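In: Turn this into a structure:
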Amino acid sequence: MLKTMFTNKKVITKAVDHISFDIQEGEIVGYIGANGAGKSTTIKMMSGILTPTSGRVLIDGMEPYSSKNRDEILKEIGVVFGQRTQLWWDLPVIETFNLYKEIYDIPDKEYKERLAYFTALLDMEKFLSSPVRTLSLGQRMRADLAASLIHNPKVLFLDEPTIGLDVLVKEKITKAIKEINRKCNTTIILTTHDMGDINNLCSRVIIIDEGKLLYDGDLSRIKTKFGDIRHIHVLLNQELDAKKMQEAFPGKDLRFKKDGAKYDEVSYDARQIELSAMLDYLSANYEIKDMQILETSLSSIFRRIYEKKEA
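Out: The predicted structure follows:
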């Protein structure tokens, strides 16, 4: 009786909110953001799995979720979801490829050439005849990538393709993606939390958060946009006085922490402070016994973006 007196409050959240961008043929674009930012939802709309409640998605001038040209456009799309397989679980890998040959109506000669190419490129010969359920994660991901490309699509969507993989398998998949893009001019949209993948594959990144676009541009200019943070790891003859150093650079964004038992770390924005000024201050006030200067990593930049957002 008491239960009927209360109702659940419903909150509607926009998974993707007024995001707009164009991707040119042959580009490899990193599409990144924190968990829940809307990356996978966007990929599902672009690949025709979901229909947007408003706005449009066009792939080669066609809506992938439209019943009018769905069959035509889906032949031009390949998708790899890192945590879901498109392979038939109890069948040998080769049987999935043979099935896709029939689904996509691939001519015999083209199919044999593509199968031979991907078998060599992704080192799949040893497990082509093995049931999918017996494969390691790395083997399955290589087979999934080949399955998504066997029909030679114009556009490839990769949603966390290297998640959980060891370094050697990541290298194989990254090398294969580069080769496919070079040889076939395949347009690739990559979502990942692995900044190594972004560095190795993408010249352009699109960053979203809470369904909104934060950045769309060259990877090389991202530091200019969000801060070129440098980290000075320094061993001094005495403890670093953080308050005094902050007073020497009023209004500048300095961060301090202990790096191990003896080293101090000072982080600063290279757009605000010249390195020479930092070194002049440290050498004038301390005896420097050891020092290392590091540029910020992409991971640090993205972490800083989201920290500011939460703050």
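In: residue nearest the centroid of the protein?
Out: Central residue of the chain (CA atoms, centre = their mean): residue 192, 2.6 Å from the mean position.
In: what's the closest non-adjacent residue to that residue?
Out: residue 160 (5.7 Å; CB to CB, 6 or more residues apart in numbering). Quick note: C-beta positions are derived from backbone N, CA and C, even for glycine.
In: What strand or helix carries residue 265?
Out: strand 263-269 (DSSP states H and E).
In: Which strands border that strand, and is each parallel or antiparallel?
Out: Strands that pair with strand 263-269, judged by DSSP bridges, come out as strand 229-236 (antiparallel), strand 254-259 (antiparallel).
In: Could you measure from the residue nearest to the centre of the chain over to residue 128?
Out: For residue 192, the distance to residue 128 equals 27 Å [CB to CB, to the nearest Å].
In: ok, back up a step: what's the following helix or strand past the strand holding residue 265 in contact with?
Out: From strand 263-269 onward toward the C-terminus, using DSSP H and E, the following helix or strand is helix 275-285. Residues from elsewhere that reach helix 275-285 (CB atoms under 8 Å, 6 or more residues apart in numbering): 230, 232, 234, 236, 244-245, 248-249, 266, 268, 288, 293.
In: Tell me which strands the following helix or strand past helix 275-285 pairs with, and in which orientation.
Out: Following helix 275-285 in sequence order, the next helix or strand is strand 288-295 (DSSP H and E). Strand pairing for strand 288-295, using DSSP bridges, gives strand 229-236 (antiparallel).
In: Would you quantify the distance from the residue nearest to residue 192 to residue 39?
Out: Using CB to CB, one obtains 9 Å as the distance from residue 160 to residue 39.
In: now swap in residue 278 and tell me
Out: Distance, residue 278 to residue 39, by CB to CB: 37 Å.
In: which residues are contacting stretch 54-66?
Out: Residues external to stretch 54-66 that are found in contact with it (CB under 8 Å, 6+ apart): 18, 45-52, 69-70, 72-74, 76-77, 154-155.
In: Flag every buried residue along it.
Out: Buried residues in stretch 54-66, counted by 16 or more other CB atoms under 10 Å: 57, 59, 62-65.
In: And stretch 201-215, by the same measure?
Out: Going by neighbour count (16+ other CB under 10 Å), the buried part of stretch 201-215 is 201-202, 204-211, 213-214.
In: for stretch 231-242, same thing?
Out: By 16+ other CB under 10 Å, the buried positions in stretch 231-242 come out as 231-236, 240.
In: of all those, which two lie farthest apart?
Out: Farthest pair in these (CB to CB) is 231 and 236. Separation: 15.5 Å.
In: Off-centre distance for stretch 64-74?
Out: Distance of stretch 64-74 from the chain centroid (CA atoms, centre = their mean, to the nearest Å) equals 26 Å.
In: In that stretch, which residues are buried?
Out: Buried-residue list, stretch 64-74, by 16+ other CB under 10 Å: 64-65, 73-74.
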